[in-house]
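> Prediction below, plus the sequence it came from.
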Amino acid sequence: LLTVAFLMGALRISVIDRPDLPEEGHLIGRIQRSSGTMGIIDSNQGRMALSFYPQSPPKGAVVAVWYQSRPEQVSWPGGVDHQRRAKRERTVARKAKDWVILKGEERVPKPENFVEMRHGSILWAFASGQRQDIEKETVTLMRKMGTSHFLAISGMHVGLVSGLGYLMLRGLLSPLILMGWERLAVVVPLLGAMGAAAMYGDLVGWPASATRAVVMNVVACGGKMLNWDISPWNLLGIAILLILFREPAAIHDLGFQMSFSAVAGILWIAPTFHSLFDSHQRPVLHRWTSSIGVTIGAMLGTLPLCG
């Protein structure tokens, strides 16, 4: 499935025509992908990779852009070849001179209880993925402590939300087991877990890591309902397949690469550490080595991207 996913992504993007746009001009379009100063915009004139300074508009925003040619960027040895990357993404690279956001990203307003709560901005960032309200002092402190990565929406957040939805429904429907409706008591909580994961992914704006986690969660729950034993590698392959089929250029996104390579590293390394100690005879050592295995797996998986 992993091989098929990359082949289908490459096949789909190969049939997308690269637009022929002037060196200077203007257009109106929607931001399809946003990362730092770079944004991929879709318009009636074609796809364009625009560099915005100091920050790209958020994903989903409709913008009017006045653009100009972008000076050829220097590619350091082992670094990103920006011109080749633009060709592979079927885009034209330009620099935004000025832009106006015609329709911004629709954001869920922060509830009052989060406003009044201590560290409410951090909790709201976990719940919604909106980090703009976190105080700069707090962000600086988290960076110094090495915990700022918790603010990035990941599979951990999706798993917590999905697991909470499952446990709540499982507890509410437990009387159905006594009534002989065991199948219903199993299927409904799984559907609730799938729905909770999908709603959370939609709430946080579908970043690459959340999309991957939601797809894997939905497929795993669906397999559980059908009594199918689906390999974690196949779950990862299905997630890549669906994401690349929808947006083949996502393969060049660093968030996509980091998310999937970290999970692949975990699936590769963690089972070895997980089997070092028996969970019944030495539970403490089992949990400790399993946690170390996940950490080492994520590090080794993403190591090629950090070189």
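Sure, I can see it.
> Can you list the residue ranges for helices in the chain?
Using DSSP state H, the helices found in the chain span residues 2-14, 82-88, 112-116, 120-128, 136-145, 155-172, 175-178, 182-203, 208-225, 232-246, 254-274, 283-302.
> ranking those by burial, who's on top?
For the helices of the chain, the largest average neighbour count (mean count of other Cβ atoms under 10 Å) is found in helix 208-225, namely a mean of 21. Heads up, the C-betas are built off the backbone N, CA and C, glycines and all.
> Name the residues that touch that helix?
129, 152-155, 157-159, 162, 186-187, 190-191, 193-194, 197-198, 200-201, 204, 229-230, 235-236, 238-240, 242-243, 250, 253, 255-256, 258-260, 263 (Cβ atoms under 8 Å, 6 or more residues apart in numbering).
> And the pLDDT at Ala264?
In this prediction, Ala264 carries a pLDDT score of 91.
> wait, what's in contact with the spatially closest residue to Asp98 that is not a sequence neighbour?
The shortest distance from Asp98 to any non-neighbouring residue, by Cβ to Cβ, 6 or more residues apart in numbering, is to Trp66 (4.8 Å). By Cβ under 8 Å, 6+ apart, the contact list for Trp66 reads Gly25, His26, Ala96, Lys97, Asp98, Trp99.
> redo that, cut-off 10 Å
Residues counted as contacts of Trp66 (Cβ atoms under 10 Å, 6 or more residues apart in numbering) are Glu24, Gly25, His26, Leu27, Ala96, Lys97, Asp98, Trp99, Val100.
> Format those residues as a markdown table; extra columns: neighbour count, distance to Ala213 and pLDDT.
Shown next, in a markdown table, are the contacts of Trp66 (neighbours: other Cβ atoms under 10 Å; distance: Cβ to Cβ, whole Å; pLDDT from 0 to 100):
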| residue | neighbour count | distance to Ala213 | pLDDT |
| --- | --- | --- | --- |
| Glu24 | 12 | 41 | 87 |
| Gly25 | 12 | 39 | 88 |
| His26 | 13 | 38 | 87 |
| Leu27 | 19 | 34 | 89 |
| Ala96 | 21 | 32 | 89 |
| Lys97 | 11 | 38 | 89 |
| Asp98 | 10 | 37 | 89 |
| Trp99 | 19 | 32 | 89 |
| Val100 | 11 | 34 | 89 |
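> Now the two most distant members of these.
Within the contacts of Trp66, Glu24 and Val100 form the most distant pair, 17.1 Å apart (Cβ to Cβ).
> got the contact list for the residue nearest to Gly301 when sequence neighbours are not counted?
Setting aside the residues directly before and after it, Gly301 is nearest to Gly265 in space (Cβ to Cβ, 6+ apart), at 2.0 Å. Taking Cβ under 10 Å, 6+ apart as the criterion, Gly265 is in contact with Val294, Thr295, Ile296, Gly297, Ala298, Met299, Leu300, Gly301, Thr302, Leu303, Pro304.
> can we see that at 7 Å?
Applying Cβ atoms under 7 Å, 6 or more residues apart in numbering to Gly265 gives the contacts Gly297, Ala298, Leu300, Gly301, Thr302.
> can you check Leu50 too?
Leu50 makes contact with Gly39, Ile41, Val65, Tyr67, Arg94, Ala96 under the criterion Cβ under 7 Å, 6+ apart.
> can you list the weak-confidence ranges in this structure?
1-6, 8-18, 35-36, 72-90, 104-108, 249, 307 (pLDDT under 70).
> picking that back up, make a markdown table out of the helices of the chain and add distance to Arg33.
Formatted as a markdown table, these follow (distance: least, Cβ to Cβ, whole Å):
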| stretch | distance to Arg33 |
| --- | --- |
| helix 2-14 | 13 |
| helix 82-88 | 13 |
| helix 112-116 | 28 |
| helix 120-128 | 20 |
| helix 136-145 | 24 |
| helix 155-172 | 20 |
| helix 175-178 | 44 |
| helix 182-203 | 16 |
| helix 208-225 | 9 |
| helix 232-246 | 12 |
| helix 254-274 | 9 |
| helix 283-302 | 20 |
